[in-house]
Structures are given as C-alpha cells and as structure tokens.
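Chemist: Can you look at this prediction? I've put the sequence above it.
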Amino acid sequence: MDTYKIDWKASAAKELKRLDRSVVPRVTEAVAHLAKDPFPSGYRKLKGSEHTYRIRVGDYRVVYEVTKGRRALQIIRIRHRKDVYH
C-alpha cells in the first residue's frame with residue numbers, strides 16, 4: 001500500500017506545540033498512522049466539506065484534508081474537543 005505525504009499547516013504545528021506534553025506523542029503517532037491509512041476506523045467526514053475529516057485522539061481532535069490524486073493530506077487543526085469546531 002502506498003503512503004500519503006503529510007503536510008502540517010503552520011497553525012496546526014503551533015497548536016501541537018501548545019498541547020499538554022503527555023498528549024503530544026499520542027497525537028503525532030496518530031498522524032503518522034494517517035500516512036498509511038488516511039481513513040482509519042473511527043474517522044469522520046466533516047459536514048460542509050468534500051475532503052475534510054477528523055480523527056479522535058483522547059479528548060483532542062485532529063482535523064485533516066485529503067487530496068487523493070496527489071496522495072497527500074494536510075493537518076489543519078488540533079484542538080480539544082470543546083474548541084475544535086469553533
């Protein structure tokens with residue numbers, strides 16, 4: 001199976017740095033798994049967008065966009081579940 005290239009939006013990288021240190025390894029591991037399978041069990045498509053999805057990592061959500069033709073995905077946002085959709 002081919003892998004997807006992962007790009008981080010600058011704002012998402014900043015959000016990752018602001019997370020609690022105990023959560024960062026779990027989030028980065030989950031993102032690394034997206035390279036192999038951008039649609040893991042538990043992923044959800046976000047309403048109002050064709051190519052935007054989210055995965056759950058504990059109380060946090062990783063929002064990402066998939067471009068199948070280029071085999072790339074971009075991490076758009078990483079936030080606590082209460083703040084992610086605002």
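Modeler: On my side now, so go ahead. Just so we're clear, the structure is a prediction, and the values are computed from it rather than from any experiment. Numbers count the residues shown, from 1 in each chain.
Chemist: Going by C-alpha atoms from here, please, whenever you check contacts or count neighbours.
Modeler: Fine.
Chemist: thinking K36 is in contact with D2, fair?
Modeler: Yes - between K36 and D2 there is a contact at 7.1 Å, judged by Cα atoms under 8 Å.
Chemist: In terms of neighbours, single out the busier of these two.
Modeler: K36 (14 against 8; other Cα atoms under 10 Å).
Chemist: bridging residues for I55?
Modeler: V62 (DSSP bridges).
Chemist: Tell me, how many residues neighbour it?
Modeler: Neighbours of I55 (other Cα under 10 Å): 23.
Chemist: and the residue nearest in space to the middle of the chain, what is it in contact with?
Modeler: By Cα atoms, centre = their mean, the chain has its centre lying nearest to V62, at 3.5 Å. Contact analysis of V62 by Cα atoms under 8 Å, 6 or more residues apart in numbering lists 27, 54-56, 75-79.
Chemist: By neighbours, which of those residues wins?
Modeler: Most crowded among the contacts of V62, counting by other Cα under 10 Å, is I78 at 26 neighbours.
Chemist: Helix, strand or coil: sort out that one for me.
Modeler: strand (DSSP: H, G, I helix; E, B strand; the rest coil).
Chemist: Show the contacting residues for it.
Modeler: 12, 15-16, 60-63, 84.
Chemist: Show the subsequent helix or strand relative to the longest helix anywhere in the chain.
Modeler: As assigned by DSSP state H, the longest helix anywhere in the chain is helix 24-36. Remark: after helix 24-36, the chain's next helix or strand is strand 44-45, criterion DSSP states H and E.
Chemist: now that following strand, how far from the centre of its chain.
Modeler: Offset of strand 44-45 from its chain centre (Cα atoms, centre = their mean, to the nearest Å): 11 Å.
Chemist: Each with direction, which strands does it pair with?
Modeler: Counting by DSSP bridges, strand 44-45 is paired with strand 52-57 (antiparallel).
Chemist: outside of the partner strand, which residues touch it?
Modeler: 26-27, 30, 42-46, 61-66.
Chemist: Extract the CA atoms of that strand and return them as CSV.
Modeler: What follows is strand 52-57, C-alpha atoms only, in CSV (Å, rounded to 0.1, in the frame of the first residue of the first chain):
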residue,chain,number,x,y,z
THR,A,52,-12.1,17.3,5.3
TYR,A,53,-12.1,14.6,8.0
ARG,A,54,-11.3,14.3,11.7
ILE,A,55,-9.9,11.6,14.0
ARG,A,56,-10.2,11.4,17.7
VAL,A,57,-7.2,11.2,20.0
